[in-house]
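> Build the 3D model from these lines:
(2 chains)
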Amino acid sequence: MELILPIAIIGAVLLLVVSSYNGLVNARNRVDEALGQIQVQLKRRYDLIPNLVEAVKGQMGFEKGVLESVTAARAAAVNAGATGNTAEQAKAENMLSSSLRTLFANVEAYPTLKSNENVIQLQEQLTSTENQIGFSRQHYNASVLSYNNSVQTFPGLLFAGALGFAKRDFFDAPDSEEAVPKVSLS
Amino acid sequence: MATFYDLAAANRRKSALLVLLVIGIFAALATAAGVAFTGGIEGALPYSLFAFGLGFVLTLGAWFGGDRAVLAASGAKPLDPAAGPEELQLDNITAELSIAANIPKPKIYVIDDTALNAFATGRDPQHASIAVTRGLMAKLDREEMSGVIAHELSHVRNFDIRYSLLVAALVGSLALLSDMLLRFAMFGGGGRRDNEKGGGGLQIIVFFLTIILAVLAPIAARMVQLAVSRQREYLADASGVELTRNPQGLERALAKLAGDKEVLEVATKATAHFYIVNPVKHFETRAAGFMATHPPLTDRINRLRTLRGAQPLLASEDRARE
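Below is the predicted model:
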């Protein structure tokens, strides 16, 4: 009879550990899934960019620098993505987003490009991909927040480190997202 | 503010209640009619069973085929994203906002009509469809279309679509059934009652009860439908803006819809409550009213303006607009 109390206590502790372990795994899976969703869209953007650059290259003789910076930013983003460091990748992707915005703004200055069906379609696809990245990033950051919370608070705090549940990085939104790039039309 | 989880849970609950309520009214009506026609509660049993069966079949039909029926009745055709830039854009916008709403991308349909309107239907986010008119695709820019699609996706995410579908199927057939009963009571039932011997007093009471029920039931059901549907439009506007984070897109879209005087031919009274703006009436009568399925558009625009801290439109501006 006197065994009942210790057994009950051990049982309760085990239950707590198991349920919070499962919670951590669930939260981590959600983070991975959300990151996977972003990666799919980033990949799509990598694939679309060379097509757009190709489509506008002939017309935009004077803005060669813009095209080069887009191509360079794309390469940097692909490289940063390969390292698996989310914070670095987010930074590189933000650079790419802003160079793309500059390119879009430049296209506006060329009536022949602006009315080119192929360019319109590529721009639409890139705009949509950009928006999808933005929304996926919100989901990713929300799931990282809830995962980090469970890693850093009791009871997860007690064994998260020992079991390899490390804190995850946010996929940061760019500071200058609202800023519209200045384009000289003279 | 209630989260969409609460709203979705409430809509699931209301849908179940609606089914029970309508089947209950069916059974009560049929039993009363049975008593009136046969003169005894025993004779009424087949009537009650028939009503139960009918309610059950109708619910199943709405659940599994209601969305297709509504789409077919509206002449909606599946969207081909490769058909042109507007089609591609609509497909893309829906994909983006489905990510924002965290639901699977619904099927998209186009209604070949120049009127400006859109609706969503289905039983849950996994089985949802959105339909927009060709006119809407032509007249709205990307931001405005995003506002409208976000509004529709909010209906999907909140399970408004399930409730609307059941309302359409059940309230519609309830109206049909009481209509039938009224006819029976006036012509068939009346004649038979004279031939009965004894127990006439009770039968007359039941007979009048039948008529009262038959008259009141569809009115009551209609009132439920209206009250809920108007509130849901405000909610879908607000949670749509939560998705796009851009109140001005939907605001401008609603202003364009308000300016559109065209009547959507394919919409009927039974499907009117699905649409983003009332498709049946002209704007003057669309604007307000106790029996309207949709709140006044100027009111919705003003609520959106308040969201972004802008001054509401003045009443005189309203009149100029209308």
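> mind listing what's buried in stretch B:42-59?
The neighbour-count check on stretch B:42-59 (16 or more other C-beta atoms under 10 Å in any protein chain shown) flags B:44, B:47, B:48, B:51, B:54, B:55, B:58, B:59 as buried. For glycine as for every other residue, the C-beta is placed from the backbone atoms N, C-alpha and C.
> How far does it sit from its chain's centre?
25 Å (C-alpha atoms, centre = their mean, to the nearest Å).
> so what's residue 75 scoring on pLDDT?
This is for chain A. For residue A:75, the pLDDT comes out at 92.
> That was the other one, I meant chain B.
In the prediction, the pLDDT value recorded for residue B:75 is 89.
> give me phi/psi at the spatially closest residue to it that is not a sequence neighbour?
Nearest residue to residue B:75 in three dimensions, chain neighbours excluded: residue B:266, at 4.9 Å (C-beta to C-beta, 6 or more residues apart in numbering or on different chains). In terms of degrees, to the nearest 10, the main-chain angles of residue B:266 are phi -80, psi -10.
> ditto for residue B:117
phi -160, psi 170.
> Could you find the closest non-adjacent residue to the residue in the stretch 1-150 of chain B that chain A sits nearest to?
Residue nearest to chain A within the stretch 1-150 of chain B: residue B:92 (3.5 Å; C-beta to the nearest C-beta). The shortest distance from residue B:92 to any residue that is not its chain neighbour, by C-beta to C-beta, 6+ apart, is 3.5 Å, and that residue is residue A:128.
> wait, what's in contact with the one you found?
Residue A:128 makes contacts with B:89, B:92, B:93, B:95, B:96, as judged by C-beta atoms under 8 Å, 6 or more residues apart in numbering or on different chains.
> Next: residue B:86.
Contacts for residue B:86 (C-beta under 8 Å, 6+ apart) come out as B:137, B:138.
> pLDDT wise, what is the residue nearest to residue B:125 when sequence neighbours are not counted at?
Take residue B:125 and drop its neighbours on the chain: the residue closest to it by C-beta to C-beta, 6+ apart is residue B:103, 4.0 Å away. Here the pLDDT value assigned to residue B:103 is 93.
> wait, doesn't residue B:232 sit right on residue B:160?
Yes: Residue B:232 lies in contact with residue B:160 (C-beta atoms under 8 Å); the separation is 5.1 Å.
> Identify all contacting residues around stretch B:64-73.
The set of residues that contact stretch B:64-73 without belonging to it, under C-beta under 8 Å, 6+ apart, is B:61, B:109, B:119, B:121-123, B:127-129, B:131, B:161, B:165-166, B:168-169, B:266, B:268, B:271, B:274.
> Spell out which residues of the stretch 1-150 of chain B are next to chain A.
Within reach of chain A by C-beta under 8 Å from any C-beta of the partner chain, the stretch 1-150 of chain B has these residues: B:85, B:88, B:89, B:92, B:93, B:95, B:96, B:97, B:99, B:100, B:102, B:142.
> Which element, helix or strand, includes the fourth one?
In other words, residue B:92. Here residue B:92 sits within helix B:85-101, counting by DSSP states H and E.
> can you give me how far the helix or strand where residue B:206 lies is from the chain middle?
Secondary structure assignment for residue B:206, by DSSP H and E: helix B:200-244. How far helix B:200-244 lies from its chain's middle: 12 Å, per C-alpha atoms, centre = their mean.
> what's the helix or strand encompassing residue B:304 packed up against?
With secondary structure defined by DSSP H and E, residue B:304 is part of helix B:297-307. Helices and strands in packing contact with helix B:297-307 are listed as helix B:200-244, helix B:247-259; criterion 3 or more C-beta pairs under 8 Å, 6 or more residues apart in numbering or on different chains; DSSP states H and E.
> report the angle between the axes of that helix and helix B:200-244?
Taking axes from the mean of the first three to the mean of the last three C-alpha atoms, to 10 degrees, one finds helix B:297-307 and helix B:200-244 inclined to each other by 40 degrees.
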